[in-house]
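**Q** The sequence and its predicted three-dimensional model are supplied below.
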Amino acid sequence: MSKKIAVLPGDGIGPEIMAQALKVLRAMPELDFVMEEAPIGGAGFDAAGDPLPEKTLKLAREADAVLLGAVGGPQYDKLPRDKRPERGLLRIRKELNLFANLRPALLYPELAEASTLKPEVVSGLDIMIVRELTGDVYFGQPRGIEVRNGERVGFNTMIYAESEVRRVARVAFDIAMKRGKRLCSVEKANVLECSELWKEVVIEVAKDYPEVGLSHMYVDNAAMQLVRAPKQFDVMVTGNIFGDILSDAASMLSGSIGMLPSASLDQNNKGMYEPIHGSAPDIAGKDMANPLATILSVAMMLRYTFSDEANASRIEAAVRKVLAQGLRTADIYTAGTKKISCSAMGDAVVAAL
Ligand code: NAD
Ligand code: IPM
Ligand code: MN
């Protein structure tokens, strides 16, 4: 039976990068996927008055996997909070219970010059950031903006239940076992109770993984170490907000945020796959976005949801080949390479397949 992929292009550059990912999927007909598209984010609001329309959620639930472009745009920023595109994205993550977000920061050797860091600092880089995705200050209650003592106050709640920490820690330890067997847990336990519990639970889980070398780092230091000496890391595990910030920082180690894919998984490896970047309103509609993070997200989908390592590697090899040919979108362009458009990059990956 063919497998169903829910395709959610979203906003801004979302449709442009998704079109390239779909080209790649269509170039592999042996995969026998049925693709069905639905609106999310601002597009969901425009179509159905809701950033996560009922039909979109239903499709995502039925599908074997979800591919997402990006959501958001300045034209939606003044909408009531629950109608904003980002809320649609958070809701679909929560509804599908996608608690483990895998963000691999990997430097393709050809892109050593594209990184803003010195080539010797980043060459050979291969970090897996495991970001918790359905808890933390993103979802904690109470939250809001209200008047207290005659002035407005804004507040959110940073909160983790030990079960939430335990399950994402297990995912991270399992990944570490398949890689270099080193895991760094990142928190702010010197200040936050929430982090104190996080650290305690990670240490408890570690008892089941005696082969994994566990270390702990405060998030401020981790941000510094990521740009100072990123190759010290193998797998990192951290909460929702710290992971959001650290993964954007780590993306520059790989040359551009346009290079970093992600997998958001539930307990059964059902997943949603998306680049870590946003809708890039500044370059939307110009056919200049880098589609490789989205194309690499397709590879992650094959690997994690469909256990198809061969075809996942095939896509990654095609990306590597295109980079070796010297083809670059604007964000990864350096002197001596050839600058091409988003759609031309999609075509080049298909040709390389
Ligand atoms: P962004 O990631 O959209 O863009 C940051 C910078 O990176 C911009 O200069 C952009 O042009 C560049 N960039 C991003 N992706 C690129 C690509 N594929 N190729 C080349 N350049 C790329 O972040 P932002 O500007 O802070 O946010 C813009 C909108 O996107 C906001 O509405 C935000 O909420 C939303 N957002 C959505 C997601 C998501 O859907 N997962 C993630 C982050 C931000
Ligand atoms: C990401 C984005 C989202 C997040 C926003 C758009 C809700 O920044 O996927 O990294 O903060 O998780
Ligand atoms: Mn982010």
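**A** Happy to help now that I have it. Numbering: from 1, shown residues only. Ligands and ions are numbered 1, 2, ... in the order given.

**Q** any chance you could map the helices in this protein?
**A** With DSSP state H applied, the chain shows helices at 14-26, 42-48, 54-62, 85-95, 119-122, 162-178, 193-206, 219-228, 240-251, 292-304, 309-324, 342-352, listed in chain order.

**Q** any idea which of the ones you listed scores lowest on pLDDT?
**A** Lowest mean pLDDT within the helices of the chain: helix 119-122, a mean of 93.

**Q** excluding its backbone neighbours, what's nearest the residue in the stretch 101-250 of the chain that ligand 2 sits nearest to?
**A** Going by C-beta to the nearest ligand atom, ligand 2 is nearest to D244 of the stretch 101-250 of the chain, at 4.5 Å. Just so you know, the C-beta spots here come from the backbone N, C-alpha and C atoms, and that holds for glycine as well. Spatial nearest neighbour of D244, excluding adjacent residues (C-beta to C-beta, 6 or more residues apart in numbering): R131 at 6.8 Å.

**Q** Pull up the residues of the protein that are close to ligand 2.
**A** Proximity of the chain to ligand 2, by C-beta under 6 Å from any ligand atom, involves residues G72, E86, L89, L90, D244, I276, G278.

**Q** if we can go back for a sec, export the helices of the chain as JSON lines, with columns for mean neighbour count.
**A** Below are the helices of the chain laid out as JSON lines (neighbours: other C-beta atoms under 10 Å):
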{"stretch": "helix 14-26", "mean neighbour count": "22"}
{"stretch": "helix 42-48", "mean neighbour count": "21"}
{"stretch": "helix 54-62", "mean neighbour count": "16"}
{"stretch": "helix 85-95", "mean neighbour count": "21"}
{"stretch": "helix 119-122", "mean neighbour count": "15"}
{"stretch": "helix 162-178", "mean neighbour count": "19"}
{"stretch": "helix 193-206", "mean neighbour count": "18"}
{"stretch": "helix 219-228", "mean neighbour count": "16"}
{"stretch": "helix 240-251", "mean neighbour count": "21"}
{"stretch": "helix 292-304", "mean neighbour count": "26"}
{"stretch": "helix 309-324", "mean neighbour count": "17"}
{"stretch": "helix 342-352", "mean neighbour count": "20"}
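
**Q** So the residue of the stretch 101-250 of the chain closest to ligand 2 versus ligand 1, what's the distance?
**A** Per C-beta to the nearest ligand atom, to the nearest Å, D244 is found 8 Å from ligand 1.

**Q** same thing with L90?
**A** Remark: distance between L90 and ligand 1 (C-beta to the nearest ligand atom) = 10 Å.

**Q** from what I can see that residue touches V137, true?
**A** No: in this structure L90 lies outside contact range of V137 using C-beta atoms under 8 Å: 11.7 Å.

**Q** shared neighbours of these two, which are they?
**A** Counting by C-beta atoms under 8 Å, 6 or more residues apart in numbering, L90 and V137 have no shared contacts at all.

**Q** Can you say which two of the residues of the chain next to ligand 2 are spatially most distant?
**A** L90 and I276 (14.9 Å; C-beta to C-beta).

**Q** Distance check, the residue of the chain found nearest ligand 2 against P281.
**A** Among all residues of the chain, E86 sits closest to ligand 2, at 3.9 Å; criterion: C-beta to the nearest ligand atom. Using C-beta to C-beta, to the nearest Å, we find E86 at a distance of 13 Å from P281.

**Q** overlap in contacts of the two?
**A** G72.

**Q** hang on, the earlier thing: wait, the residue of the chain closest to ligand 2 touches G73, no?
**A** No: here E86 lies out of contact with G73, judged by C-beta under 8 Å, at a distance of 10.4 Å.

**Q** Smallest gap between the stretch 151-300 of the chain and ligand 1, at which residue?
**A** Closest point on the stretch 151-300 of the chain to ligand 1, by C-beta to the nearest ligand atom, is G278, at 2.3 Å.

**Q** dump the residue contacts of that residue.
**A** Here G278 is in contact with G12, A70, V71, G72 (criterion: C-beta under 8 Å, 6+ apart).

**Q** nearest to V186, of the residues you listed?
**A** For those, the nearest to V186 is A70 (24.9 Å; C-beta to C-beta).

**Q** contacting residues around the closest one?
**A** Going by C-beta under 8 Å, 6+ apart, the list of residues near A70 reads 10-14, 17, 41, 274-275, 277-280.

**Q** one more time with 10 Å
**A** By C-beta atoms under 10 Å, 6 or more residues apart in numbering, the contact set of A70 is 8-18, 40-41, 85, 89, 274-281, 284, 289, 293-294.

**Q** neighbours of the closest residue to I145 other than its chain neighbours, just the number please.
**A** Excluding the flanking residues, the one nearest I145 by C-beta to C-beta, 6+ apart is G154, at 4.7 Å. Other residues within reach of G154, judged by other C-beta atoms under 10 Å, total 8.

**Q** can you tell me how far G154 sits from D82?
**A** Distance from G154 to D82, by C-beta to C-beta: 16 Å.

**Q** how about the residues of the stretch 51-200 of the chain that lie near ligand 1?
**A** Counting by C-beta under 6 Å from any ligand atom, the residues of the stretch 51-200 of the chain near ligand 1 are A70, V71, G72, G73, E86, L89.
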